[in-house]
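**Q** only geometry, no sequence info:
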C-alpha cells in the first residue's frame, strides 16, 4: 500500500493506535520496574533480618539461648533449619508454655512456606497461600535450644528419643 493512498482519517487512526500502544508499554514498564524494586527490597530485608538473627545467636549468652527456636525441615538433627531468637529474662526457664509457643512459631514458618519439604527457603514475595503444616514435635537439643521437627511417625520410641534428644518440657 502506497502512503499516497492513505487519507487523513486513516493516518490519524494509525497515529492514535501507535501513541496508545506506546502509553500502555510505558505503564507496563513502570509496573514491572515497581515489582522488581519490591521483590529486591523484600529479599534484601529478609536477608538482613536473617543475618541479624544469626549474629544475635552467635553473641547470645546461655540465658538468651533459652529463647532460641530452631524449626527443622525434616526429622533429622542435620536437616536444614531456620532460627528464631526471642529474648528472655535472665534465669527464665523453658516451660510448657514456651514449648507450645515454639510449636506455634514453627507452624507459622511452615504455613508461610519458609520451611517446606525438607528444606528452608526464603520466598521472594510474601504469599497468600497457606502451605501444609505437618504434625510437629518440640525437643530440647544438646545445646539447650528448643528444636521443632516434623513428626514423621518414627516406629521406635518418642520422636525426640529417636533423634537422640529429650522432649522439650
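**A** It's in. Predicted, not measured: the structure shown is a model, and the values here were computed from it.
**Q** Helix or strand next in line after the helix or strand containing residue 104, which one?
**A** Secondary structure assignment for residue 104, by DSSP states H and E: helix 96-111. Sequence order places strand 115-116 as the next helix or strand after helix 96-111, per DSSP H and E.
**Q** quick one: strands adjacent to that following strand?
**A** Strand pairing for strand 115-116, determined by DSSP bridges: strand 119-120 (antiparallel).
**Q** Helices along this structure, start to end?
**A** Listed in chain order, the helices of the chain (DSSP state H) span 8-58, 62-65, 96-111, 159-163.
**Q** hey, least reliable of the ones you listed by pLDDT?
**A** Mean pLDDT is lowest for helix 62-65 out of the helices of the chain, coming in at a mean of 44.
**Q** contacting residues for residue 151?
**A** 75, 134, 135, 136, 137, 159 (C-beta atoms under 8 Å, 6 or more residues apart in numbering). For glycine as for every other residue, the C-beta is placed from the backbone atoms N, C-alpha and C.
**Q** can you do 10 Å?
**A** 75, 134, 135, 136, 137, 158, 159, 160, 162 (C-beta atoms under 10 Å, 6 or more residues apart in numbering).
**Q** Okay, and the beta partners of the fourth one?
**A** The one in question is residue 136. With DSSP bridges as the criterion, residue 136 is bridged to residue 150.
**Q** Measure how buried it is and give me the count.
**A** Using other C-beta atoms under 10 Å, residue 136 has 18 other residues around it.
**Q** do the same with the first one
**A** Counted by other C-beta under 10 Å, the residues lying close to residue 75 total 18.
**Q** which one is it nearest to, not counting chain neighbours?
**A** Nearest residue to residue 75, sequence neighbours excluded (C-beta to C-beta, 6 or more residues apart in numbering): residue 152, at 4.1 Å.
**Q** Which residue is the nearest non-sequential neighbour of residue 163?
**A** Of all residues not flanking residue 163 in the chain, residue 77 sits nearest, at 5.3 Å (C-beta to C-beta, 6+ apart).
**Q** As a markdown table, the contacts of residue 151 with distance to residue 83 would be great.
**A** As requested, those are arranged in a markdown table below (distance: C-beta to C-beta, whole Å):
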| residue | distance to residue 83 |
| --- | --- |
| 75 | 18 |
| 134 | 19 |
| 135 | 21 |
| 136 | 16 |
| 137 | 18 |
| 158 | 23 |
| 159 | 20 |
| 160 | 19 |
| 162 | 22 |
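**Q** And the furthest pair within the residues you listed?
**A** Farthest-apart pair in the contacts of residue 151 is 134 and 158; separation 16.4 Å (C-beta to C-beta).
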